[in-house]
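>>> here you go, sequence then predicted model.
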Amino acid sequence: MPPVLELRGITKAFPGVLANDHIDLTLNEGEILALLGENGAGKTTLMNILYGLYSPDAGDIYIRGSKVDIHNPRDAIRFGIGMVHQHFMLVPVFSVTENVMLGVETTKAGIVLDRETVSQTIEEISARFGLIVDPHALVEDLPVGVQQRVEIIKVLYRQADILILDEPTAVLTPQEVEEFFKVVHSLVEQGISVIFITHKLKEVLAIADRITVLRLGRVVGTTTPDQATEASLANMMVGREVILKVDKAPAQPTDVVLNVEDLRVLDDRKLVAVNGVSFQVKAGEVLGIAGVQGNGQTELVETLTGLRKTETGRITILDQDSTNASPREICEIGSAHVPEDRQRDGLVLPFPVADNLVLNTYYQPPFARGIRLQHAAIERVAEQRVELFDIRTPNISVPVSNLSGGNQQKVIVAREFSRPIKLLIASQPTRGLDVGSIEYIHNRILQKRDEGCAVLLVSPELDEILNLSDRIAVMFAGQILAILPAEQASKENLGLLMAGIREAVPAPVNA
Amino acid sequence: MSEEPKSTQATKPPEAGGRSIFHRIAIRKGVGEALLLPILAVFTALVLGGVIIALSDPDALAAWGNVFQKPLQTLSVTWVTVRDAYLALFVGAFGSPTDIVNGFRTWFTTGDTRALLEALRSFSESLVITTPYIFAGLAVALGFRGGLFNIGAEGQLFVGGLASAFVGYSLKGLPWIIHLPLALGAGILAGAIWAAIPGYLKARTGAHEVINTIMMNYIAFRLTDFLLTGPMARPDGLPITPEVLPSAYLLALFPRPVRLHLGFFLALAVAALVYWFLWKTTKGMEIRMAGANPNAARYAGIRIAATIVLTMALSGGLAGMAGANQVLGVDHRWCAPFPPAMVSTRLRWPCWATATRSGWYRPRCSLDSCGEARRACNR
C-alpha cells in the first residue's frame, strides 16, 4: 500500500535563501510523524507548500500514490489535508459551532444557517475522538487548550485525514499538553495520519512514531524515538554538539539588589494577581520563579519593571525606592527587562533592527545629541551588537519583523545586555526558541550572573528554571509558596508546589 | 537559515522602517515596484476619465452609434474628444506651453512681462490651490505616524484661519517681520489647541479621536458662526472677518495676476521639516514608536499619554497652518462656514469648506442658502 502522503524533491527558494532544498518526506497511514528542526529550518515553508499557501519551485506531492497539484488551501482540503496553525484562526465572538461552519456553512432553504445539524456533527466528532468541547460556547470564553480542540474539530469537520499540527504545544500548559497528546493518540487510532511540527525534543520522543529532522532546508535524517535520544536529536538539528545542561559554577551572591516587600498587585480586571509577595535577589545569583502561567508572574514582572501600578508594598532596587517608578526611571537605575512577549512588548516590528537595538537608550548620548538622533552612532553600535551577539540578519536596516523568532530574541538580549545593568528581569527568555538559541541565551544569562548582575528569571518551563537558578521560588495563586535552594528542588517537589500543594516540601526554606 | 522569511511575512512585504524615504520605499518594494503603483493609478484614472468624457460628449456618442459601419471614424472621434479634454485639463493646470514661450519672448524683446505673467497664471493657481492641501496632508500624515486618525483637520483649519484673521486685522501698526509670524503663529496655536483637546481625551479616557475630532469640527463651525455674527461682527453685518492688514500678508512673490505667494514655499519647507522631525529627532522616534507599537513604546520608557497629546497638537498645528495660509496668503479674511446640512460626516481625507476667491468652493456655493454673504465672499 502506498504511503498516505509522499513529498519528492520539494524545493523552494526565497530571495537570498533556499528554504527547502530537495526535501523527501513520507507519511504512512495512522502514524505520527514529527518534523523537527530549528526555527528557520524550513518546516513551516514545507507545510505551507503542502497546504497550498506557497507553490514549490520544484518537486512533486503524491497522495495515496497519485500525483496531485495543490494550488491553494481549498485544494489541500479537498485532498484531505488539514492544518492547525500555531496562531489560531478563530473568531472570538463566534460560538464553537459558528467557527466550525465558517466557510462551509450548512443552510436550511439555502439562506438560514443550520446550527443544529452542525452542532450535532461536532458532538459526534467530539465523542469519536475524545475532543470534549461545548458546541454552543463562545470561543473567547474558552481556555487556549480548548480553543485548540476547536481548531482540530474544524479540520476534522472538513473531513481531513492528514492533519498538520504546527507547533501545537507552544501555547499549552503542561497539563494541557498531556490532554493534547491523548487527543492525538485517539486521532491516530481512528486512522488519521498526523504531521507534528515542533522543536521540543521531549515531546517528539514522547509522541512520535517516526522523526524527520530538517536543517537549513534539507532533510538531515529520519529516525524513531527508540533509536534517538534528546542529545542525538539536538545534534542533528543544530549540526554540532549541543550541551543541553548548562555547566555553571556555584553562585557567589553578594549585596541585595532587588528587594520586594509584601507586594500586592491587581490585574486588568482589578482582581488581586499578586498577593503579599516578598523576596530578595542578590548580585551574582539567579532567582528562578516557577509556576504555571497565570499565577501572577506576568503581573509581578510588570510591576517590577514599572509597567503596572503597585497596590501596596514596596520595591527597592539598589537601595532606591522604585515603588511605582516609571519604566524609564527603573531602566536608568540599571535594570534590564526581557519581556515575556517579545513581539508585543520588546520590539517595534516594523522598525529596523538598528532602531530596535537602541529602543530604550535612543535618547542618550551617543545615540542622540539634544533632540537630534545620531544615526551614524546608532548604526555603528548596531553593527557591533549584531556581530557580538551573532544576530542573523541580512543587514541592520531590515525591519526586525523579517528575523526569525530566535534572532528577534537575540536583538532584545543584545540591547538589554549591552547596557551596564545591575539587575536582569527575564521573563520566559527562551519562549518558542530552538535548542541552539536556548543554549546561547542561557549561557548569556549565566555570564551576566557571573559578572555580578542579579537575575530574576520567570519561566513556566521547569527545565529552564532548574538549569539556571540558584534559588527557586514557586508562585501559585499570586503567592510565593516556597523559596528553595536549587539543590533541594526537584521536578517532583516543584511540580507539586506549582499545583498549590504546600505540604510537598518537608521544610520550606524562606529566604 | 535565519534569513528564511517566516510563513506569515513572506506573503506580504514587510512594513518600511529604514532611514531615508528612498531607502524605505526601496526596502519595501524595490524601486521599480514603488514607482509602478502611482503610475498605474494615474494611468487608470486617465483611462476611466476618458470613458466618461467620451460618454458625455454628443459627437463621440453619435459616432458610437455608427461603430459597426465606421469603426475607425468612431475611434478617431473618440480619441480627439478625449485628447482635447485632457489637453484642456493640462493647459488649465499648467498653462499653455506656447503662451509661456511667447511670454518669455515678449519679455526678452520688449521688457513687457504682462503676457508672461498671464501665461503663468494657470500654473500659479494650481500651486495656490495645492498649498493648503500640503499642510493638511502633512497634518494627517503626522497623526498617522503616531497611530492617530486626525479626521478633524477641517475644524482645526477653521479655528486656525479664524485666529490668524483676528491677529491679522486687530493688531495695528506692527512691522511685517513681527505681524506675519504672530498671525501665522496664532493660526498654528489655535489648530494645535483644537486638536490637543481630543488628544487629551484619548490619552486620559481612551475616547476615540475619530469621533472626537469630528465633533470638534462642528464646534469649530458654530464657534465661527457665533464669532462672526457676534463679537467679531462687521458693521455691514456680513459674516466675514474684517480685512487682514497688509503687514500680515504672506508675501505675493509676483505681480498680479500671478497669485503665487510665500505660503507655497512655506509648505514645502514645512514638509521637509516634518520629515526631519519624524525621522531625525528623538521626539519623532517616540511618536513613530508609539504609533507602531504602543506596548513596546511604554516598555522603552516613553510616556504614551504625553506623546498622544503632542502628536495631536502638532497635527492640529499643521492643519491650523492650512487655514492661516488661506487667510494670510489668498483671501485676507475668513468667512462663516456653510449651513450645517451641507457638512458631510463621512470619513475622508482632509477637505474643507472654506469659501474662497480662488473658487474651489463654487459648486457648493451655488447651493448655498446664505447667498448674499457667499457672493460677497466669492467676489
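Alright, I've got the coordinates. Remember, predicted model here, so these are calculated numbers, not experimental data.
>>> how near is the residue lying closest to B:Leu253 once chain neighbours are set aside to B:Ser126?
In space, and not counting its chain neighbours, B:Leu253 is closest to B:Leu260: 5.7 Å by Cβ to Cβ, 6 or more residues apart in numbering or on different chains. Any C-beta I mention is one placed from the backbone N, CA and C, and that applies to glycine too. Distance, B:Leu260 to B:Ser126, by Cβ to Cβ, to the nearest Å: 10 Å.
>>> what about those two, which has more around it?
With neighbours defined as other Cβ atoms under 10 Å in any protein chain shown, B:Leu260 and B:Ser126 compare such that B:Leu260 has more, 20 against 15.
>>> looks to me like A:Val455 is in a strand.
Yes - counting by DSSP: H, G, I helix; E, B strand; the rest coil, one finds A:Val455 located in a strand.
>>> what's the pLDDT at it?
Looking at A:Val455, its pLDDT reads 96.
>>> run a quick neighbour tally on it.
28.
>>> again, but for A:Pro250
A:Pro250: 9 neighbours (other Cβ under 10 Å).
>>> swap in A:Glu140?
Neighbours around A:Glu140, by other Cβ under 10 Å: 11.
>>> same check on A:Arg210?
By other Cβ under 10 Å, neighbour count at A:Arg210 equals 15.
>>> ok, what's across the strand from it?
A:Leu33 (DSSP bridges).
>>> show me the contacts for it.
Taking Cβ atoms under 8 Å, 6 or more residues apart in numbering or on different chains, we find A:Arg210 in contact with A:31-34, A:222-224.
>>> quick check, pLDDT for the residue nearest to B:Leu253.
92.
>>> please apply the same query to B:Leu251.
Reading off the model, B:Leu251 has pLDDT 88.
>>> can you pull out the low-pLDDT segments for the chain?
This is for chain A. A:15-16, A:171, A:173, A:242-244, A:504-511 (pLDDT under 70).
>>> wrong one, I was asking about chain B
For chain B, the ranges with pLDDT under 70 are B:1-31, B:337-379.
>>> which residue does the stretch 251-379 of chain B have closest to chain A?
Per Cβ to the nearest Cβ, B:Gly301 is where the stretch 251-379 of chain B lies closest to chain A, at 3.0 Å.
>>> which residue ranges of the stretch 301-450 of chain A form strands?
For the stretch 301-450 of chain A, strands defined by DSSP state E, counting those that start in this stretch occupy the ranges A:312-317, A:320-321, A:335-338, A:368-369, A:372-373, A:423-427.
>>> what comes up buried for the first one?
By neighbour count with 16 or more other Cβ atoms under 10 Å in any protein chain shown, strand A:312-317 contains the buried residues A:313, A:315-317.
>>> burial count for B:Ile211?
14.
>>> can you list contacts of the helix or strand it falls within?
Secondary structure from DSSP states H and E places B:Ile211 in helix B:209-229. For helix B:209-229, contacts defined as Cβ under 8 Å, 6+ apart pick out B:148-152, B:154-156, B:158-159, B:162, B:194-195, B:197-199, B:201-202, B:239-241, B:312, B:334-337, B:340, B:343, B:345, B:347, B:353.
>>> out of those residues, which are inside helices?
B:154-156, B:158-159, B:162, B:194-195, B:197-199, B:201-202, B:312 (DSSP state H).
>>> now render these as a markdown table, adding neighbour count.
Below are the ones in helices among the contacts of helix B:209-229 laid out as a markdown table (neighbours: other Cβ atoms under 10 Å in any protein chain shown):
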| residue | neighbour count |
| --- | --- |
| B:Glu154 | 26 |
| B:Gly155 | 29 |
| B:Gln156 | 38 |
| B:Phe158 | 30 |
| B:Val159 | 29 |
| B:Leu162 | 26 |
| B:Trp194 | 30 |
| B:Ala195 | 35 |
| B:Ile197 | 19 |
| B:Pro198 | 29 |
| B:Gly199 | 29 |
| B:Leu201 | 20 |
| B:Lys202 | 22 |
| B:Met312 | 32 |
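>>> in the stretch 201-350 of chain A, what residue comes closest to chain B?
A:Arg328 (3.0 Å).
>>> can you tell me the SS state at the residue lying closest to that residue once chain neighbours are set aside?
Spatial nearest neighbour of A:Arg328, chain neighbours left out: B:Gly301 (3.0 Å); criterion: Cβ to Cβ, 6+ apart. Recorded secondary structure, B:Gly301: coil (three-state DSSP).
>>> quick one, phi/psi of B:Gly301?
Main-chain torsions, B:Gly301, degrees, to the nearest 10: phi 90, psi 10.
>>> wait, it sits on A:Ser335?
No - the pair B:Gly301 and A:Ser335 does not pass the contact test of Cβ atoms under 8 Å, sitting 11.3 Å apart.
>>> now do the same contact list for the residue positioned nearest the centre of chain A.
Nearest to the mean C-alpha position of chain A, by Cα atoms, centre = their mean, lies A:Gly432 at 2.8 Å. A:Gly432 makes contact with A:39, A:167, A:170, A:405, according to Cβ under 8 Å, 6+ apart.
>>> mind listing which of those are in helices?
A:Gly405.
>>> who wins for neighbours among the contacts of A:Gly432?
In these, the most neighbours by other Cβ under 10 Å go to A:Asn39, 24 neighbours.
>>> what number of residues are in the vicinity of A:Glu151?
Neighbours around A:Glu151, by other Cβ under 10 Å: 21.
>>> element containing it?
helix A:144-157.
>>> tell me which residues in that helix are buried?
So for helix A:144-157, counting by 16+ other Cβ under 10 Å, buried means A:145-157.
>>> what about A:Leu287, which SS state?
A:Leu287 ends up strand, using three-state DSSP.
>>> which residues does it contact?
Per Cβ under 8 Å, 6+ apart, neighbours of A:Leu287: A:279, A:281, A:454-457, A:469-473, A:483.
>>> for chain B, state which of these is nearest.
For those, the nearest to chain B is A:Leu456 (16.3 Å; Cβ to the nearest Cβ).
>>> circling back to that earlier point, farthest pair within the contacts of A:Gly432?
A:Asn39 and A:Ala170 (11.2 Å; Cβ to Cβ).
>>> how much space separates the residue nearest to the centre of chain A from B:Ala300?
Relative to B:Ala300, and taking Cβ to Cβ, A:Gly432 is found at 22 Å.
>>> give the contact list for the residue nearest to A:Glu340 when sequence neighbours are not counted.
Nearest non-adjacent residue to A:Glu340, counting by Cβ to Cβ, 6+ apart: A:Ser427, 4.0 Å away. Shown in contact with A:Ser427 (Cβ under 8 Å, 6+ apart): A:297-298, A:301, A:337-340, A:458-459.
>>> for A:Ser427, give the beta-bridge partners.
Under the criterion used (DSSP bridges), A:Ser427 bridges to A:Val458.
>>> and A:Ile10, by the same measure?
Bridge pairing for A:Ile10 - DSSP bridges - gives A:Ile23.
>>> would you confirm that it contacts A:Thr45?
No - using Cβ under 8 Å, A:Ile10 makes no contact with A:Thr45, being 9.2 Å away.
>>> common neighbours of those two, please.
Joint contacts of A:Ile10 and A:Thr45 (Cβ under 8 Å, 6+ apart) are A:Asn20.
>>> tell me which residue in the stretch 351-500 of chain A sits closest to chain B.
Counting by Cβ to the nearest Cβ, the stretch 351-500 of chain A gets nearest chain B through A:Arg392, at 3.2 Å.
>>> how close does that residue sit to A:Gly436?
On the measure of Cβ to Cβ, A:Arg392 and A:Gly436 end up 11 Å apart.
>>> those two: which has the busier surroundings?
A:Gly436 (19 against 15).
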